[in-house]
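J.: Compute the structure for the input listed below.
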Amino acid sequence: MALQARSPASHNQMLGQRIRHPPSTKFDDGFETPTAKRLKRYDSTDSSLSRRVESDTEEDDDHVEPPSAPQIQAAREIPDSEADSDEEDESVQKGSQQTELESALPPVKTDKEAIAEYEATRAAEAEGLDLQGRLGQRKWIQGKSSIYVDAFNLALETVLDDESHLFDEAERTVFDQWRDLSYEGQYLYVRLFLRKTAKWHRINRLGYYGDIADLSAAVDDLLQSRKLPDVKAAVQSNPGEAEPPKDTVLGDGFTFADGSEDHIDSLEEASSLLNLEELKTIAKEAKVQGKNKTELLKAFRRTSQRQTALGFRRSDTEESNKSAAFINAEEEEEEQKEDFDACSANRDSHYVRKIMKATGPCIRLSAPALKLFERVHLVFYRSTEWTENSLTTIILARISRRNFPDYIVSRSTNIFTTRSDLLEFEASIRTQFRIDFILEFNGTVRKEGLQTVKDIFEEVYPRWKVVLQEEQLKEDRIYESGEGAYLRRFSPAWVYTRIVHKGAYVLGRFKEHEREHQLLTELLSQHLFHAARRGAWYQRKALLEEHYMWALKPDSGRSEEAQKKHWKRIALQTSEDGLQDRECHLIYHYDLQKRVMKLEKQLKVVKREQHDFGHVRLAKPVERTVEGIRIEKERAPSRNGTRRNSDATAPKRGGKTIWVDEREGGGECSVEAMCLSWYRDQGWKGYHSEGGIVRTLFGYLFYDVLFTYIPNVFQTPYQICPLDLHTDAFYPSRASEINHRLVEIANGEAARLVREVYEREREKQTCIVGVDWSYAFEDLLEIVSCFRGEALATICKVMAQEYQQRGGGIPDLFLWHPGNKEVMFAEVKSENDRLSDTQRLWIHVLTGAGVKVELCNAAAREVRVQR
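T.: Alright, predicted model coming up:
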């Protein structure tokens, strides 16, 4: 039972972390896969702390809408399965991601009209209120106060009240100068801070005239040069980074923003300011062509360089030949170089002037002050990721008429003990980003890239060993009640462990298997960081021992065959250790079990001593074909008058298909709805939920576990889940409570647990992660009564271990048969569809738990073409 919540301090009401999960009322909108393909050999189970969610548009994409009361019967709109299979990666890349702060709070409507309307309705009698007063009474006046500025300042004031020791005298002077800025200057800065911060913005396109009466004065305020005290401190050197980037260090003076007149002097930077139409005009003059903006920019810059080179050659032929008799070779070379540079500069400056005349003055945030405010937000949000919604979502959740679970709000102020710790954590994030960029986001990795990652790893490794010991001492002597599991994510050791993990991969690519094996052994010997990777480490270590280590280690007088058997026995022991490791997630058990059985067979272990995994052996999903009538839209002819596809009835690969629901009135429906109707005719009940039922059941069954007291994971009173739910810290922090609950579920207590939560929370419609109150209570009771206890416990354990990663890929249809007391999942596929990796994994989990799974192939016995 959760402890009663205490009244939190005012500064605790806007704190959070970036956790991606579907909102409780629209559970199918989240659980996005990473935006780029991950390394295949080691599963990646964390989201990089170094990624930012930024807007790519020139204009603002403001998002905050007024709250609305929750709908009891929320519509569940599930996309067709074929629409998210072949094009899954592309759709994810285009989609937006929520920060941990936004995701830990209930869904709120977010757009700029809603914020404007809300602020207008609360504007009366706001005169004379301070920051806390405006937030407390929710009153703002346009042109004098704003929810954006107040949220930004609340973050700053909270950090300075609690953790000012993390900033030096010069940085605190910047904060003092910030307080002295006019309201309009602060407003302009915050709005630019929430956009692409490194980008130049045209001043004549800043559409903030409603809040900024004198835009030029606000711009001048930000461009004003300001002095800083001379702070003499040694530059901190960190592994992988000899010194911090220049744009992160304050000098003897600073500005809040840079002006284009003083900082734009290159053609490349100036041309990036142009929109497509403006670029076409310039390109026409320069006689270059391209299909889009990117191609035009490349062609324009390439042409400028080529024409400059041509100018150099003309000078060479005309001038140099005339003077050849009078100057020596060295003088001629120097003269040619000067002519080339002058020609290049003249041509570039011509286009720069032309571009700046078209765009007008521009402004961007100055890097040193910007990085300082980003550091403030890192400390405040306990995250390196935030968006515009991060500043406003808590306030909007606070004013919404919603009910939240009871829990204790707790925020530690000693996550970063010293300024040096904070700077090292920042540097480790930058180093991690460099590695991720090389290995995952920069196309095919070449040898040079692998060597760079290896060099970084070699620098990080000694420091990793030191901080690992420091964190173990904290765990043994300081942390209590599991609080260390989440706080450790803000230790450089957490980032360094991930870098060492990447280093092991690179060692494997370089065939340095002995060093890789030693590194994997060290990774497995620690239990503080990245527990979700332990299964992958066991798998790789056992593979090395089976195939490589016999040739790399001394044979101690053994023959070659005896040496191979010796290391196969070690590989067998490693696989058994992985299966017995409580922190090794269930998703790795199947592969480890297969390796155990293979090695025992090769080593000719006597039958009575061999492992028997028959009770968890995966049953292949049954394939079923459901026939129906598909509706195909007639395709438009191509420009030459012919059909785009010779087969007018062939479905578009990866696209949605439309079917006739013959059993429900003959209307149009999705392929999942058509198959669901067929199953209903066979006596099954069901939903097309794509995991909605599973997440709802998890929320019911683990309600009190989710909201039990763990320090630092509830930093606002308006959360629908703990901040560590989507991290590998959730399970180990509550291992005792989770395992006890799993035993209760396995013993058939699920119906009682569901009923208790329903009777207590239904009337209030409490916001709980994953729970959709629109599912009929009677259906939920029937479902848990049809589940075998052990099977339901296994599914819940997978969710508890990796809620973020396992939220997607659950089969489309959830079915249950009250008469047979049986549940079944069905994955629906149309023609040309295929299973994704996440779908295959869930099928393995379900069949391993003894749950029936079917692959339902929809086939068209008739195709109706609509004009």
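J.: Identify the residues contacting D247.
T.: For D247, the set of contacting residues under the criterion of Cβ atoms under 8 Å, 6 or more residues apart in numbering consists of A367, P368, K371. Quick note: C-beta positions are derived from backbone N, CA and C, even for glycine.
J.: In contact with P244: list those residues for me.
T.: By Cβ under 8 Å, 6+ apart, the contact set of P244 is V235, Q236, L423, A427.
J.: Any chance of CSV for those, columns distance to I810 and neighbour count?
T.: Shown next, in CSV, are the contacts of P244 (distance: Cβ to Cβ, whole Å; neighbours: other Cβ atoms under 10 Å):
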residue, distance to I810, neighbour count
V235, 50, 8
Q236, 46, 14
L423, 42, 18
A427, 39, 22
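J.: In helices, which of those appear?
T.: Counting by DSSP state H, the members of the contacts of P244 that fall within helices are L423, A427.
J.: Which other helices and strands does the helix or strand hosting S420 contact?
T.: S420 is part of helix 419-440 when elements are defined by DSSP states H and E. Packed against helix 419-440 by the contact rule (3 or more Cβ pairs under 8 Å, 6 or more residues apart in numbering; DSSP states H and E) you find helix 367-381, helix 447-477, helix 492-509.
J.: Which one of those lies nearest to S670?
T.: Set against S670 and scored by Cβ to Cβ, the helices and strands packed on helix 419-440 come closest in helix 367-381, at 39.1 Å.
J.: Return the closest of the contacts of D247 with respect to Q602.
T.: Relative to Q602, the closest of those is K371; by Cβ to Cβ it sits at 56.3 Å.
J.: my guess is that closest one contacts T248, does it?
T.: Yes. With contacts counted by Cβ atoms under 8 Å, K371 reaches T248, the gap being 4.4 Å.
J.: show me what contacts K246?
T.: K246 sits next to no residue when contact means Cβ under 8 Å, 6+ apart.
J.: And it, what's its pLDDT?
T.: Among the per-residue scores, K246 holds a pLDDT of 75.
J.: okay, and for the stretch 551-700 of the chain, where does confidence drop off?
T.: Low-confidence segments of the stretch 551-700 of the chain, defined by pLDDT under 70, are located at 614-619, 635-655.
J.: my guess is I355 meets S272, correct?
T.: No. With contact taken as Cβ under 8 Å, I355 and S272 are classed as non-touching, separated by 9.5 Å.
J.: More neighbours: which of these two?
T.: Summary of the neighbour comparison: I355 and S272, criterion other Cβ atoms under 10 Å, with I355 having more neighbours (20 against 15).
J.: May I see the buried residues of stretch 741-751?
T.: The neighbour-count criterion (16 or more other Cβ atoms under 10 Å) identifies R741, L742, E744, I745, A746, A750 as the buried residues of stretch 741-751.
J.: who's in contact with stretch 450-468?
T.: By Cβ under 8 Å, 6+ apart, the residues outside stretch 450-468 that reach it are 238-240, 431, 434-435, 438-439, 491-493, 496-497, 499-500, 502-503, 506-507, 509-510, 526, 528-529.
J.: next SSE after the strand or helix carrying E672?
T.: Secondary structure assigned from DSSP H and E places E672 in helix 671-681. In the C-terminal direction, the helix or strand that comes right after helix 671-681 (DSSP H and E) is strand 685-688.
J.: and the angle from the longest strand along the chain to helix 671-681?
T.: Ordering each strand of the chain by length in residues (DSSP state E) puts strand 852-866 first. Between the direction of strand 852-866 and that of helix 671-681, the angle (axes from the mean of the first three to the mean of the last three Cα atoms, to 10 degrees) works out to 120 degrees.
J.: what's strand 852-866 packed up against?
T.: Helices and strands touching strand 852-866, by 3+ Cβ pairs under 8 Å, 6+ apart, are strand 622-633, helix 671-681, strand 822-829, helix 837-848.
J.: Mind putting the ones you listed into TSV with distance to T521 and mean neighbour count?
T.: Converted to TSV, those look like this (distance: least, Cβ to Cβ, whole Å; neighbours: other Cβ atoms under 10 Å):
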stretch	distance to T521	mean neighbour count
strand 622-633	42	15
helix 671-681	47	21
strand 822-829	39	23
helix 837-848	27	20
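J.: For E268, which of these is the nearest?
T.: With Cβ to Cβ as the criterion, E268 lies closest to helix 837-848 of the helices and strands packed on strand 852-866, at 39.7 Å.
J.: L276: what's it in contact with?
T.: Residues touching L276, when contacts are defined by Cβ under 8 Å, 6+ apart, comprise N292, K293, L296.
J.: neighbours of F510, just the number please.
T.: Using other Cβ under 10 Å, the number of residues around F510 comes to 13.
J.: Now do the contacts for it.
T.: If you count contacts by Cβ under 8 Å, 6+ apart, F510 has them with L450, K454.
J.: per-residue confidence at it?
T.: At F510, the model reports a pLDDT of 95.
J.: Repeat that for the one 4 residues further on.
T.: Per-residue confidence for E514 comes out at a pLDDT of 95.
J.: after the helix or strand it falls within, next one along is what?
T.: Here E514 is covered by helix 513-525, with elements defined by DSSP H and E. Per DSSP H and E, helix 513-525 leads on to helix 534-547 as the next helix or strand towards the C-terminus.
J.: what does that next one contact?
T.: When contacts are defined by Cβ under 8 Å, 6+ apart, helix 534-547 is touched by residues 41-43, 501, 504, 508, 513, 516-517, 520-521, 523-524, 567-568, 570-572, 574-575, 577-578, 581, 583-585, 587-589, 591-592, 595, 599.
J.: got the end-to-end distance for stretch 707-722?
T.: 7 Å (Cα to Cα, to the nearest Å).
J.: can you tell me which residues contact D681?
T.: Taking Cβ under 8 Å, 6+ apart as the definition, contacts of D681 comprise R663.
J.: distance of it from F814?
T.: D681 sits 17 Å away from F814, going by Cβ to Cβ, to the nearest Å.
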